[in-house]
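Colleague: Below is the sequence, then the predicted model.
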2 protein chains.
Amino acid sequence: MVLDTTMNTKTTIKDVAELAGVSFKTVSRVINNEGSVRKETLQKVNDAINELHYQPNTAARNLAGSKSYSLGYVYDNPNAYYVLDMQNGILAECRDRGYELVIHPCSANNKHIVEELATMVKRSQLAGLIISPPLSEMPEVLRGLDEMNIPFIRIISASEVSQESSPCVYINDRDAAFDITEHLIEQGHSKIAFLRGDESHRSSHERKIGYLNALKKHNIPIIEDYQIDGSYSFEFGVQGAKQLLSLAEPPTGIFSCNDEIAAGALFAVRLQGLNVPDDMAIAGFEDSPFSRQTWPMLTTAAQPTNIIARKAAASLIQHLVNLRSPKTSVDSIPHLHFRPQLVKRESTLTVTSEQSLE
Amino acid sequence: MVLDTTMNTKTTIKDVAELAGVSFKTVSRVINNEGSVRKETLQKVNDAINELHYQPNTAARNLAGSKSYSLGYVYDNPNAYYVLDMQNGILAECRDRGYELVIHPCSANNKHIVEELATMVKRSQLAGLIISPPLSEMPEVLRGLDEMNIPFIRIISASEVSQESSPCVYINDRDAAFDITEHLIEQGHSKIAFLRGDESHRSSHERKIGYLNALKKHNIPIIEDYQIDGSYSFEFGVQGAKQLLSLAEPPTGIFSCNDEIAAGALFAVRLQGLNVPDDMAIAGFEDSPFSRQTWPMLTTAAQPTNIIARKAAASLIQHLVNLRSPKTSVDSIPHLHFRPQLVKRESTLTVTSEQSLE
DNA sequence: TTGATAAATGACAGCGTTGTCATTTATTCT
DNA sequence: AGAATAAATGACAACGCTGTCATTTATCAA
């Protein structure tokens, strides 16, 4: 074993103070941007910090202060890409703001989920939680956390701000689904099917409403057989598409609740020797890598998950700050909206309409 | 806002002590399994802990003790499935052992990566790191961490234990690749191509060696044109397969370095109207969801990533314990091996040989 | 210049736990 | 039973930092 290198020796706030020739409290002021430090002193302290490669100890900060610099991300893994995008977005914000992140995968089926979360919050002294669907859409979770006074922000699927008292990031799945469906209609389709994801996810509900709204707007009859409930999986896409193709009058377009379903549907359709999009147009949702790993590539709706996550984290942090300073009034609960954007690709664009591809 | 519920009030070790009628040090002994506590006392303390839903505060534990209950997971990997599997495995072990996990995605290209890691370790007072490829295979990372005396365990691709001084989990990609290639040979193929992943990943190198070894063993001529270097991506699979098909004498089997490449290759091959596996057999590696989301499904090699991750975490924790107690001799550095298992699926099984599918 | 006020800095307790060592209590041996 | 030893328990400092409050230093008006 090699002995201490400069970087390894644990340098504390006191070491910095000594080198800078000030009290360690002054160093603390600098670290926390508290002000009340002369420019000259600030300079000395920062120099010392840099020279010693000083890093404030998060554990000590959480322990000593009334604040906490740790957030938690809670999810019930619907999809690896989504979770990782969320996680990376949150982490990016955390790094910028000097926060730590504790990851907590868990099961929505767990009866004692609220208790589980409370335990985690206490163990790790979390300042607040970021919760993604479907957990974020479970009333008991919302209620439980509220009762225990644990701050949190939720990402949920909703077309408009509801009367929620807690901070939320709203994803307007409904209108985005409307856009996709309308796009299919504009491509000349009127027999459009809908493959729905897990009903435990509000998104699947919202997307269905958007689909129906578009049909209604264009006076297209709504056919029950064209609407199949399933889950957010490739397998369901395969099976759903087969079912649709076996109808007496099959649809000419399929709007799948996400890209994984769409990929499955695409597969099944092509397996039957049909051409996409000419015989059957297929659209997904999410703009996940799946949508680019099919041929033809999938028309879909892009949710900037990474950015959403980042903003959610930023918003939560802001909310936490507000909670601490009572001057800010109650109504400053942060709300954010995102509307996924239509991404047109070959899976829905017939040759004649190709010019509409930007 | 609702006022405190039982669970929310911050209960400390002292509250437990008071309720149990002992000193808080005794409670600490119970929490840490230090022994030297009478059964009767133990009972009282445990009752109190349960009654109060007490959770030891990790920050305080890290701060006060010479130990730390936080690990770090460091990765730079484009594969969401892999990363999430790793993460979940590590988290599972952490939960069992009362550890916290700090996630740290980072870029292998970053010149100052070692410094970055050191910063994180100090900030979060990490006890040790778990590092997955390709970072785990970069000598400078290894050296840097060693110099700074930061304990870590690496997951690396290697066919045998090298003279590494640091703890490792070895993934025997070479022999698994041998198995896959031999399987293709047994299916009657002799013109077998190899689509290689990123060269910055040792796995792609190892898998290639396994491929070559199998050819050699069966006295099959090695053809340069059949070996194409690329990256672990769907796109490369498509492009690589096209290139192979354009050869004067195309192969009849393709071993792709991972499932994503294989999925791309499969796509390209089928697009040409060829039949898989009859015209072209295709195998992947990893047993990722990709391998089950193609038709036909992909023959592949299954790495139990989740389990590997869990064992790696367990092993690191054990190593940390050993480091603390000097009685254990130096040679007890933990080493683990995994050999991915061949999974035969339809993408390589010709109809006549279908009986060999277990 | 002087006193009054504001800004900058420092001294010190305390956060919830572990580590060390002293003290009390139980157990064993003669 | 009494001394000797081992086991169980407690008192208290310390970890690295923040919060509070006291003290010093600079700034300004008269």
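Modeller: Thanks, I have it. Numbering: from 1, shown residues only, chains lettered A, B, ... in the order given.
Colleague: biggest helix in chain A, by residue count?
Modeller: Counting by DSSP state H, the longest helix found in chain A is helix A:305-324.
Colleague: How about residues contacting that one?
Modeller: Contact partners of helix A:305-324, identified using C-beta atoms under 8 Å, 6 or more residues apart in numbering or on different chains, comprise A:66-67, A:71, A:82, A:85-90, A:92-94, A:97, A:99, A:127-130, A:151-153, A:155, A:167, A:169, A:171, A:328, A:332-334, A:336, A:338. Every C-beta, even on glycine, is put in place using the N, C-alpha and C of the backbone.
Colleague: filter those residues by proximity to chain B?
Modeller: Near chain B, judged by C-beta under 8 Å from any C-beta of the partner chain, the entries from these are A:87-88.
Colleague: what are the ranges of the strands in the stretch 201-350 of chain A?
Modeller: A:227-229, A:253-256, A:281-283, A:300-302, A:335-338, A:341-343 (DSSP state E, counting those that start in this stretch).
Colleague: Pick out the shakiest of those strands, pLDDT-wise.
Modeller: Among the strands of the stretch 201-350 of chain A, strand A:335-338 carries the lowest mean pLDDT, at a mean of 88.
Colleague: buried set for that strand?
Modeller: A:336, A:338 (16 or more other C-beta atoms under 10 Å in any protein chain shown).
Colleague: and for it, what are the contacting residues?
Modeller: Contact with strand A:335-338 is made by A:161, A:167-172, A:303-304, A:308, A:311-312, A:315, as judged by C-beta under 8 Å, 6+ apart.
Colleague: Of those, just the buried ones, ChimeraX syntax please.
Modeller: Buried members of the contacts of strand A:335-338, defined by 16+ other C-beta under 10 Å, are picked up in ChimeraX with:
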select /A:167,168,169,170,171,172,303,308,311,312,315
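Colleague: so can I have CSV of the contacts of strand A:335-338 showing pLDDT?
Modeller: Converted to CSV, the contacts of strand A:335-338 look like this (pLDDT from 0 to 100):
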residue, pLDDT
A:Val161, 77
A:Pro167, 90
A:Cys168, 93
A:Val169, 95
A:Tyr170, 95
A:Ile171, 96
A:Asn172, 97
A:Gln303, 93
A:Pro304, 94
A:Ile308, 97
A:Lys311, 96
A:Ala312, 96
A:Ser315, 94
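Colleague: tell me which of the contacts of strand A:335-338 is nearest to A:Arg202?
Modeller: Within the contacts of strand A:335-338, the smallest distance to A:Arg202 is 9.3 Å, found for A:Ile171 (C-beta to C-beta).
Colleague: Could you report the distance from the closest one to A:Ile31?
Modeller: 36 Å (C-beta to C-beta, to the nearest Å).
Colleague: for A:Asp175, same thing?
Modeller: Distance, A:Asp175 to A:Ile31, using C-beta to C-beta: 45 Å.
Colleague: what do you get for A:Val102?
Modeller: Taken as C-beta to C-beta, the span from A:Val102 to A:Ile31 is 22 Å.
Colleague: out of the two, which sits in the more crowded spot?
Modeller: More crowded of A:Val102 and A:Ile31, by other C-beta atoms under 10 Å in any protein chain shown: A:Val102, with 23 against 17.
Colleague: the inter-axis angle of the helix or strand hosting that one versus strand B:100-105?
Modeller: Assigned by DSSP states H and E, A:Val102 belongs to strand A:100-105. Angle of strand A:100-105 versus strand B:100-105, following axes from the mean of the first three to the mean of the last three C-alpha atoms, to 10 degrees, is 100 degrees.
Colleague: With only the CA atoms kept, save whichever helix or strand comes after strand A:100-105 in CSV.
Modeller: Per DSSP H and E, the first helix or strand lying C-terminal to strand A:100-105 is helix A:113-123. Taking Å, rounded to 0.1, in the frame of the first residue of the first chain, the C-alpha atoms of helix A:113-123 are listed here in CSV:
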residue,chain,number,x,y,z
ILE,A,113,-44.7,1.1,0.4
VAL,A,114,-45.3,4.3,2.3
GLU,A,115,-43.7,2.9,5.4
GLU,A,116,-40.8,1.8,3.3
LEU,A,117,-40.3,5.2,1.9
ALA,A,118,-40.5,6.8,5.3
THR,A,119,-37.8,4.5,6.6
MET,A,120,-35.6,5.4,3.7
VAL,A,121,-36.1,9.1,4.2
LYS,A,122,-35.2,8.8,7.9
ARG,A,123,-32.2,6.5,7.4
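Colleague: Check whether helix A:113-123 comes near chain B.
Modeller: Yes. Helix A:113-123 lies within reach of chain B by C-beta under 8 Å from any C-beta, at A:115, A:118-119, A:122-123.
Colleague: What is the nearest of those to B:Lys14?
Modeller: Out of those, the member with the shortest distance to B:Lys14 (by C-beta to C-beta) is A:Lys122, at 15.0 Å.
Colleague: quick one: contacts for the spatially closest residue to that closest one that is not a sequence neighbour?
Modeller: If the residues on either side of it in the chain are set aside, A:Lys122 comes closest to B:Gln55, at 4.3 Å by C-beta to C-beta, 6 or more residues apart in numbering or on different chains. With contacts taken as C-beta under 8 Å, 6+ apart, B:Gln55 has the following neighbours: A:119, A:122-123, B:11.
Colleague: Out of the strands of the stretch 201-350 of chain A, which is closest to A:Ser136?
Modeller: Across these, closest to A:Ser136 is strand A:335-338 (C-beta to C-beta), at 13.4 Å.
Colleague: Parallel or antiparallel, list what pairs with the closest one.
Modeller: Strand A:335-338 has its sheet partners listed here by DSSP bridges as strand A:168-171 (parallel).
Colleague: Mind exporting the C-alpha coordinates of the partner strand to CSV?
Modeller: Provided in CSV are the C-alpha atoms of strand A:168-171 (Å, rounded to 0.1, in the frame of the first residue of the first chain):
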residue,chain,number,x,y,z
CYS,A,168,-45.9,18.1,-9.9
VAL,A,169,-44.4,17.9,-13.3
TYR,A,170,-47.2,17.3,-15.7
ILE,A,171,-46.7,15.4,-18.9
